[in-house]
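> using only what follows, build the 3D model:
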Amino acid sequence: MADAASRLTTLAEDLLGVPLPVRIRAWDGSEAGPPGGPVLVVRHRRALRRLMWKPGELGLARAWVAGELDVEGDLYEALDRLAGLLWERGADAEGAVRSVRDPRLRAAARTLLQLAGPWPPPRPPAEEVRLRTGPLHTKRRDKAVISHHYDVGNDFYELVLGPSMVYSCAYWSEDGTLEEAQTAKLDLVCRKLALKEGDRLLDVGCGWGSMAIHAARKYGARVVGVTLSTEQAAYARKRIADEGLTDLVEIRVQDYRDVRDGPYDAISSIGMAEHVGQVRYREYAGELYALLKPGGRLLNHQISRRPETNEAAYRVDDFIDRYVFPDGELAPVGRTTSALEEAGFEVRDVEAIREHYALTLRQWVANLEGRWAEAGRLTSPGRARVWRLYMAASAVSFERNRIGVNQILAVRTPEDGVSGLPLRPRAWTERPDR
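The predicted model follows:
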């Protein structure tokens with residue numbers, strides 16, 4: 001079909017009501033749109049059939065994962081330009097149906113039908129998940145969710161995360177490597193928790209064991225790490241054995257709700273609470289409070305979102321829910337601190353570090369892109385595309401303050417009111433020589 005790109009550009013601008021912010025290259029080799037920036041490459045017209053079936057984010061995501069859409073040029077710039085048309089405008093199927101009631105746009109819809117080719121729509125990519133394992137945030141369903149995201153091969157995570165195997169926001173200085181920044185984050189958590197030799201630390205959502213190993217090796221803590229991922233647990237146990245730390249660190253495949261061997265001197269929860277769900281968050285806070293001794297500290301490291309004018313209207317992005325973190329939910333930082341306080345905690349410090357996560361994600365994307373063919377072999381080409389898109393889009397969201405990440409230090413302050421914290425706030429920023 002001659003000059004498909006021009007027809008697509010005109011069609012998109014008619015439907016959106018604004019100029020298209022990126023250039024388009026179509027499957028026939030034609031190009032149209034603003035020059036000099038990133039190019040949205042429509043490799044196959046199947047992508048249009050996906051958009052007709054699921055207008056907005058989900059249709060685009062399916063086409064991207066299937067390899068029918070790509071970006072040539074700066075992916076971050078392309079995502080930033082497109083964000084205003086997708087996430088910020090809240091494009092969805094319902095909105096699309098309302099728009100085509102406009103007679104002016106019916107012709108555009110007919111053009112899309114001609115360009116899209118034969119019906120029916122393609123099947124969703126194999127990487128898409130729709131869980132049917134019971135109500136949200138039950139133990140059984142949470143285990144299935146964690147398995148979907150984490151049990152995809154430790155070799156793939158090594159490729160993306162690097163030797164630290166830390167899957168959360170690093171803590172950067174003006175210069176330095178990803179490994180140094182991740183070590184700095186782990187050490188910051190330990191200092192905020194005031195860990196010392198012999199302390200019992202519970203690491204909730206322990207991942208591949210990096211926090212547990214750091215706390216045991218550098219501070220002499222006795223650590224219990226819990227995860228729902230069998231692959232993470234096996235990897236962590238091997239690392240711990242190789243480090244000679246089996247007498248200090250125990251890794252369990254266990255739900256945090258089943259931990260019953262408190263009290264602990266301290267609890268770290270790094271990048272785990274996003275999986276808890278808003279309906280369970282008060283329960284999560286209460287469980288951790290009960291596991292701490294009086295005077296014990298909790299360090300909750302968690303991604304947050306901006307508050308909605310109507311909180312009841314909040315919903316998880318379709319792409320994230322179907323391809324990345326099924327059932328994952330973000331909460332404004334104020335709601336998180338309120339839930340902790342309602343459970344009995346005294347919130348003593350909140351440190352916002354969102355710019356650090358943007359830097360971390362860009363490094364992970366660089367790791368992935370640098371070994372792209374290998375990444376596809378270790379998992380699947382579609383899953384590698386999922387990760388590239390979600391990490392790059394998340395980096396832009398952190399940079400633009402659409403989402404944030406915070407370290408919340410809370411204390412189970414005893415009845416006498418002695419919190420055990422130093423009089424000078426942020427004393428942990430003074431790095432001791434150890």
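
> got phi/psi on Ser394?
The phi and psi values for Ser394, taken as degrees, to the nearest 10, are phi -70, psi -40.

> repeat that for the one 10 residues further on.
Backbone torsions for Gly404, taken as degrees, to the nearest 10, come to phi -140, psi -180.

> kindly report the same for Pro38.
Main-chain dihedrals, Pro38, degrees, to the nearest 10: phi -70, psi 150.

> contacting residues for it?
With contact set as CB atoms under 8 Å, 6 or more residues apart in numbering, Pro38 has these partners: 22-23, 71-75, 77-78, 81. C-betas here are computed from N, CA, C, even on glycine.

> ok, which stretches of the stretch 201-350 of the chain are strands?
Applying DSSP state E, counting those that start in this stretch to the stretch 201-350 of the chain gives strands spanning 222-227, 249-253, 264-270, 292-305, 346-352.

> what helices or strands is whatever helix or strand comes next after the last one leaning on?
So the one you mean is strand 346-352. Using DSSP states H and E, the helix or strand that directly follows strand 346-352 along the chain is helix 354-370. Judged by 3 or more CB pairs under 8 Å, 6 or more residues apart in numbering; DSSP states H and E, helix 354-370 is in contact with helix 154-161, helix 178-192, helix 381-399, strand 403-411.

> tabulate the ones you listed (TSV), appending mean neighbour count, mean pLDDT and distance to Ala331.
Shown next, in TSV, are the helices and strands packed on helix 354-370 (neighbours: other CB atoms under 10 Å; pLDDT from 0 to 100; distance: least, CB to CB, whole Å):
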stretch	mean neighbour count	mean pLDDT	distance to Ala331
helix 154-161	20	95	25
helix 178-192	21	98	21
helix 381-399	22	96	15
strand 403-411	21	98	11
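
> Ala427: which of the ones you listed is closest?
Across the helices and strands packed on helix 354-370, the minimum distance to Ala427, taken as CB to CB, is reached by helix 178-192, at 8.4 Å.

> angle of the closest one against helix 354-370?
For helix 178-192 against helix 354-370, the angle by axes from the mean of the first three to the mean of the last three CA atoms, to 10 degrees is 150 degrees.

> out of the helices and strands packed on helix 354-370, which gets nearest to Asp349?
Closest to Asp349 of the helices and strands packed on helix 354-370 is strand 403-411 (CB to CB; 4.2 Å).

> what lies in contact with the closest one?
169, 188-189, 192, 295-306, 330, 333, 336-337, 340, 345-354, 356-357, 394, 397-398, 419-421.

> could I get the CA-only coordinates of it as PDB?
In PDB, the C-alpha atoms belonging to strand 403-411 read as follows (Å, rounded to 0.1, in the frame of the first residue of the first chain):
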ATOM      1  CA  ILE A 403       6.600   8.500  40.100                       C
ATOM      2  CA  GLY A 404       9.100   8.600  43.000                       C
ATOM      3  CA  VAL A 405      10.900   6.300  45.400                       C
ATOM      4  CA  ASN A 406      11.400   6.900  49.200                       C
ATOM      5  CA  GLN A 407      13.200   5.400  52.100                       C
ATOM      6  CA  ILE A 408      11.000   5.600  55.200                       C
ATOM      7  CA  LEU A 409      12.600   4.900  58.500                       C
ATOM      8  CA  ALA A 410      10.100   3.900  61.200                       C
ATOM      9  CA  VAL A 411      10.600   2.800  64.800                       C
END
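
> and the angle for that strand with helix 354-370?
Going by the same axes, to 10 degrees, strand 403-411 makes 120 degrees with helix 354-370.

> list the neighbouring strands of strand 403-411 plus their orientation.
The pairing partners recorded for strand 403-411 under DSSP bridges are strand 292-305 (antiparallel), strand 346-352 (antiparallel).

> so where do the helices sit in the stretch 1-150 of the chain?
Along the stretch 1-150 of the chain, the segments classed as helices by DSSP state H, counting those that start in this stretch run 4-16, 46-53, 57-65, 75-83, 93-99, 103-116, 139-150.

> and for the second one, what's in contact with it?
By CB under 8 Å, 6+ apart, the surrounding residues in contact with helix 46-53 are 8, 42, 59-60, 62-63, 66, 68-69, 112-113, 115-117, 119-122.

> of the residues you listed, just the buried ones, ChimeraX syntax please.
Applied in ChimeraX, the following selects the buried portion of the contacts of helix 46-53 according to 16 or more other CB atoms under 10 Å:
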select :8,42,59,60,62,63,66,68,69,112,115,116,121
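
> distance of the closest residue to Gln302 other than its chain neighbours from Leu361?
Nearest residue to Gln302 in three dimensions, chain neighbours excluded: Ala273, at 4.4 Å (CB to CB, 6 or more residues apart in numbering). To Leu361, Ala273 is 19 Å away according to CB to CB, to the nearest Å.

> the more surrounded of those two?
Higher neighbour count among Ala273 and Leu361: Ala273, with 27 against 23, using other CB atoms under 10 Å.

> contacting residues for that one?
For Ala273, the contact set (CB under 8 Å, 6+ apart) comprises 281, 284, 300, 302, 336.

> ok, 7 Å please
284, 300, 302 (CB atoms under 7 Å, 6 or more residues apart in numbering).

> Asn406 versus that one, what's the distance?
Ala273 is 10 Å from Asn406, where distance means CB to CB.

> pLDDT score assigned to the closest residue to Arg23 other than its chain neighbours?
Using CB to CB, 6+ apart and skipping the chain neighbours, the partner closest in space to Arg23 is Gly33 (3.8 Å). Among the per-residue scores, Gly33 holds a pLDDT of 92.

> how about Ala78?
As summarised for this prediction, Ala78 has a pLDDT of 96.

> now tabulate the strands paired with strand 403-411 in a markdown table and tack on mean pLDDT.
Shown next, in a markdown table, are these (pLDDT from 0 to 100):
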| stretch | mean pLDDT |
| --- | --- |
| strand 292-305 | 98 |
| strand 346-352 | 97 |
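
> to Asn367, which of these lies closest?
Evaluated over those, closeness to Asn367 peaks at strand 292-305, with 20.1 Å, by CB to CB.

> the closest one to helix 381-399, inter-axis angle?
If you take the same axes, to 10 degrees, strand 292-305 sits at 100 degrees to helix 381-399.

> next one: strand 292-305 to chain centre, how far?
Centre-to-centre, strand 292-305 and its host chain are 19 Å apart (CA atoms, centre = their mean, to the nearest Å).

> touching that strand from outside, list them.
Strand 292-305 has contacts (CB under 7 Å, 6+ apart) with 168, 189, 192-194, 262-271, 273-274, 288, 330-333, 336, 345, 403-412, 414, 420.

> what comes up buried for it?
In strand 292-305, counting by 16+ other CB under 10 Å, buried: 292, 295-305.
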